[in-house]
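*Asks:* Predicted model follows, preceded by the sequence.
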Amino acid sequence: MIHTVAICALGSAACLVLPADTLRRWAPRWAPLSLADPVRPTLQLGAEYFLGHGFSVGADVGTRLVLFKAYSRPEQQVRHHTFRVEGRYYLRATGWKKREFIAVEGFYVPYVYTQQHGILERNGTYFTYDEARIMHRTWGGSLKYGWHWFVGPRRRWWLETAVGLGMRRVPSRYSRIRNEQPADSAQTYKYLNQEWRLSFPPPDGGHLDRLHLLYSLRVGYRL
């Protein structure tokens with residue numbers, strides 16, 4: 001039997017019926033690996049809400065951390081945020097302290113940074129520049145499989161890890177371009193034949209679709 005609590009507006013017959021254990025269904029969580037990114041260390045916090053019958057929904061928000069003094073350097077002038085939503089289903093428990101789950105995740109990551117002395121592509125033509133502001137509004141989705149471990153005798157604290165595979169779209173837009181000049185054949189050849197380069201930035205005003213590999217680690221607490 002599921003007990004409920006009704007919240008009614010004063011002088012109104014309309015009521016919002018909530019499960020009696022609504023607070024216990026929430027689990028704040030934190031992704032510590034996002035802080036270990038050497039390029040974009042990000043503080044990512046979120047929460048999961050357990051719907052019952054093995055289903056839950058969750059959301060996470062993150063922002064890049066940077067020292068105030070370092071922000072004066074062009075290479076550190078980065079605005080980076082992450083927004084993630086997911087729905088998951090917990091499989092039958094394999095032990096008292098372990099559960100496995102499958103999940104579908106969608107994400108949106110706006111990312112703006114300053115690049116110096118680079119080359120950009122526009123309509124199939126390459127240009128050099130001294131400095132430019134570059135914006136990516138990356139979005140996509142993935143399918144994940146994960147493991148969820150309870151920590152402590154009360155099973156409130158938990159640790160989880162997951163792996164996933166999906167696709168992401170990376171649109172690109174250049175602005176505040178200083179000293180833009182058509183690249184000569186030697187500069188273009190050098191740019192297109194760089195060693196150890198797996199991919200190139202999207203063209204100005206265009207986008208690239210890329211495979212999205214995911215590994216996540218989260219720590220949380222069930223209220």
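*Replies:* That came in fine, so what should we check first? Numbers count the residues shown, from 1 in each chain.
*Asks:* do you know how far the residue nearest to the spatial centre of the chain is from P182?
*Replies:* In the chain, the residue lying closest to the centroid (Cα atoms, centre = their mean) is T82, at 4.3 Å. Distance from T82 to P182, counting by Cβ to Cβ, to the nearest Å: 36 Å. Every residue, glycine included, has its C-beta placed from N, CA and C.
*Asks:* Equivalent analysis for R79, please.
*Replies:* 30 Å.
*Asks:* on that earlier part again, quick one: contacts of the helix or strand hosting the residue nearest to the centre of the chain?
*Replies:* Taking DSSP states H and E as the definition, T82 sits inside strand 79-90. The contact list for strand 79-90 (Cβ atoms under 8 Å, 6 or more residues apart in numbering) reads 34, 40, 42, 44, 46, 54-64, 99-113, 144, 146, 148.
*Asks:* That one: partners in the sheet, and parallel or antiparallel?
*Replies:* strand 55-64 (antiparallel), strand 98-122 (antiparallel) (DSSP bridges).
*Asks:* Reformat those strands as a markdown table; add mean pLDDT, mean neighbour count and distance to R156.
*Replies:* Output for the strands paired with strand 79-90, formatted as a markdown table (pLDDT from 0 to 100; neighbours: other Cβ atoms under 10 Å; distance: least, Cβ to Cβ, whole Å):
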| stretch | mean pLDDT | mean neighbour count | distance to R156 |
| --- | --- | --- | --- |
| strand 55-64 | 94 | 17 | 16 |
| strand 98-122 | 92 | 16 | 15 |
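*Asks:* Now do the buried residues in stretch 89-98.
*Replies:* Across stretch 89-98, burial judged by 16 or more other Cβ atoms under 10 Å covers Y90.
*Asks:* quick check: longest strand of the chain.
*Replies:* If each strand of the chain is counted by residues according to DSSP state E, the longest one is strand 125-151.
*Asks:* mind checking how far H212 is from Y221?
*Replies:* Taken as Cβ to Cβ, the span from H212 to Y221 is 28 Å.
*Asks:* Comparing these two, which residue is more hemmed in?
*Replies:* H212 (17 against 14; other Cβ atoms under 10 Å).
*Asks:* Assign T188 to helix, strand or coil.
*Replies:* helix (DSSP: H, G, I helix; E, B strand; the rest coil).
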